[in-house]
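S.K.: just need the structure, nothing else, for what follows:
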Amino acid sequence: MRKTAAKLLTVAALATSLATVVSGTAVADPSVTPASVDIVGVGSDTTQALLNQLSTDYNASLPTGSTAPHLYSWDATGTSPITPKTGASSIARPNGSGAGISTLNNTTSATVDFARSSRPAGASDPHGLAFVLLAKDAITWSAKSGGNAPASLTQDQLTKIYNCTYTNWQQISSSLPNATIKPYLPQANSGTRQVFLAAISTPTPGTCVTTGPQENEGTDAALNDANAVFPYSIGHYIGQTNGHSSGSDAVGVLTLRNVVVGGTSYTPVVSGQINTSLVDTVFGRGLYDVFRNTEWTATDTHGQALQAIFGSDGWICNDSVAAADITSYGFLTSVACGVSSVS
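M.R.: Predicted coordinates:
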């Protein structure tokens, strides 16, 4: 019987009332090379931990000895190259939504079946890909606890920070320290980066912005700075503080800050969950699993397997264990789960 390996999780202090996953400990990379018929994904950092847990629980739901395709997901970072499944060629490990989508487009189901994406389809994406909704999330900005950043920034202030119009905290308020603001962004393939920059209408960041820290890792040494500003997935942050944190995948020194949109100030977390009102602004986003549309809509055994896991009538969108996983990892379930849009 095939198994996935357990991964020890560093338990953080619980400050929320989120549901706790009890059906199995999530894995990181598969401990075995998945079979050629298995459903295998790569891509987004934001949803990698959730997909690890969903993989563990979906596989556990199958009858012992089942020959049905199992579900596996490779993390965004780690050793590279990887061999995603039996019989596949080795590939560079895709880090981020963009890299995962590119890998999906440039391979076949013999290598990769889906890409995790924390952004919707974009104009530059290849045609013929199905973006299938998994859950909902929102992004805010973060800063070092006890640092020089204020508790709240407006959408316009974030724009001016990331286009380098504002480079000193006193340009925002004379009550703030006379210190240089240090805006950071995740690497270029990050879906979080893309959605955040779109939300602040800054497609091209200014020269004062540093690209580099892995998204959703408040442990990065560069962010241990009183003047650092960094976008962060609210859901991933909640998941980390809810015990789903390990190694560098942790909040570290960062705390989430309020964002003001259209005159309304939004607190990122309300009653232990993403502020649903913020999800309805430009800082909200869908989280997706991306497939080749010809495979997603196929009626063969492979297409049926994809629908059985990810479709509107599939396991993720209907099973109570899957719903508990999504909530525990900080994200919001959606009645549109399993609905697809084609690039």
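S.K.: show me what the helix ranked longest in the chain is packed up against.
M.R.: The longest helix of the chain (DSSP state H) is helix 48-61. If you count contacts as 3 or more CB pairs under 8 Å, 6 or more residues apart in numbering; DSSP states H and E, helix 48-61 packs onto strand 71-73, helix 234-241, helix 315-318, helix 320-328. C-beta: built from backbone N, CA, C; applies to glycine.
S.K.: what strands flank the first one, and is each parallel or antiparallel?
M.R.: Taking DSSP bridges as the criterion, strand 71-73 forms sheet pairs with strand 39-43 (parallel).
S.K.: can you show me the CA trace of the partner strand as CSV?
M.R.: Output in CSV follows, covering the C-alpha atoms of strand 39-43 (Å, rounded to 0.1, in the frame of the first residue of the first chain):
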residue,chain,number,x,y,z
ILE,A,39,-2.5,13.4,-10.2
VAL,A,40,0.5,15.6,-9.6
GLY,A,41,0.8,19.4,-9.1
VAL,A,42,3.5,22.1,-8.7
GLY,A,43,3.6,25.9,-8.4
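S.K.: run through who's touching it.
M.R.: The contact list for strand 39-43, computed with CB atoms under 8 Å, 6 or more residues apart in numbering, reads 34, 51, 69-74, 76, 84-85, 93-94, 96-97, 99-101, 103-104, 111-117, 289-290, 305-306, 309.
S.K.: mind listing which of those residues are in strands?
M.R.: Counted as lying in strands by DSSP state E, out of the contacts of strand 39-43, are 71-73, 114-117, 289-290.
S.K.: just the buried members of these?
M.R.: Among the ones in strands among the contacts of strand 39-43, those classed as buried by 16 or more other CB atoms under 10 Å are 71-73, 114-117, 289-290.
S.K.: now, which of the residues you listed sits nearest Thr301?
M.R.: Closest to Thr301 out of those is Leu71 (15.2 Å), distances taken as CB to CB.
S.K.: and the pLDDT for the closest one?
M.R.: Here, the pLDDT recorded for Leu71 equals 98.
S.K.: quick one on the thing from earlier: out of the helices and strands packed on helix 48-61, which gets nearest to Gly247?
M.R.: helix 234-241 (11.3 Å).
S.K.: what's the angle from the closest one to helix 320-328?
M.R.: 100 degrees (axes from the mean of the first three to the mean of the last three CA atoms, to 10 degrees).
S.K.: tabulate the CA atom coordinates of helix 234-241 in CSV.
M.R.: Extracted as CSV, the C-alpha positions of helix 234-241 are listed here (Å, rounded to 0.1, in the frame of the first residue of the first chain):
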residue,chain,number,x,y,z
ILE,A,234,-3.7,36.7,4.9
GLY,A,235,-4.9,33.1,4.7
HIS,A,236,-1.3,31.7,4.6
TYR,A,237,-0.5,33.8,7.7
ILE,A,238,-3.5,32.6,9.6
GLY,A,239,-2.6,29.0,8.7
GLN,A,240,0.9,29.6,10.0
THR,A,241,-0.4,31.0,13.3
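S.K.: so for the helix or strand where Lys160 lies, what's the average pLDDT?
M.R.: Using DSSP states H and E, Lys160 sits in helix 155-162. The average pLDDT within helix 155-162 is 98.
S.K.: chain center to that helix: distance?
M.R.: Its chain's C-alpha centre and that of helix 155-162 lie 23 Å apart, by CA atoms, centre = their mean, to the nearest Å.
S.K.: that one packs against which elements?
M.R.: Helix 155-162 packs on strand 182-185, strand 258-261, going by 3+ CB pairs under 8 Å, 6+ apart.
S.K.: okay, buried residues for that helix please.
M.R.: In helix 155-162, counting by 16+ other CB under 10 Å, buried: 155, 157-162.
S.K.: how about stretch 33-51?
M.R.: For stretch 33-51, burial by neighbour count (16+ other CB under 10 Å) applies to 33-34, 37-51.
S.K.: with stretch 158-177 instead?
M.R.: Of all the residues in stretch 158-177, those buried under the rule 16+ other CB under 10 Å are 158-163, 166, 169, 172.
S.K.: Val132 is in contact with Gly286, correct?
M.R.: No. When contacts are counted by CB atoms under 8 Å, Gly286 is not listed as touching Val132 (9.7 Å).
S.K.: just name the most buried of the helices and strands packed on helix 155-162.
M.R.: With neighbours defined as mean count of other CB atoms under 10 Å, the helices and strands packed on helix 155-162 peak in mean count at strand 182-185, which reaches a mean of 22.
S.K.: any idea how far the lengthiest strand in the chain is from the chain center?
M.R.: Ranked by number of residues, the top strand in the chain under DSSP E is strand 129-144. Its chain's average C-alpha position is 6 Å from that of strand 129-144, according to CA atoms, centre = their mean.
S.K.: and the nearest residue to Asp137 once chain neighbours are set aside, how far is that from Thr211?
M.R.: Excluding the flanking residues, the one nearest Asp137 by CB to CB, 6 or more residues apart in numbering is Gly235, at 4.3 Å. According to CB to CB, to the nearest Å, Gly235 and Thr211 sit 23 Å apart.
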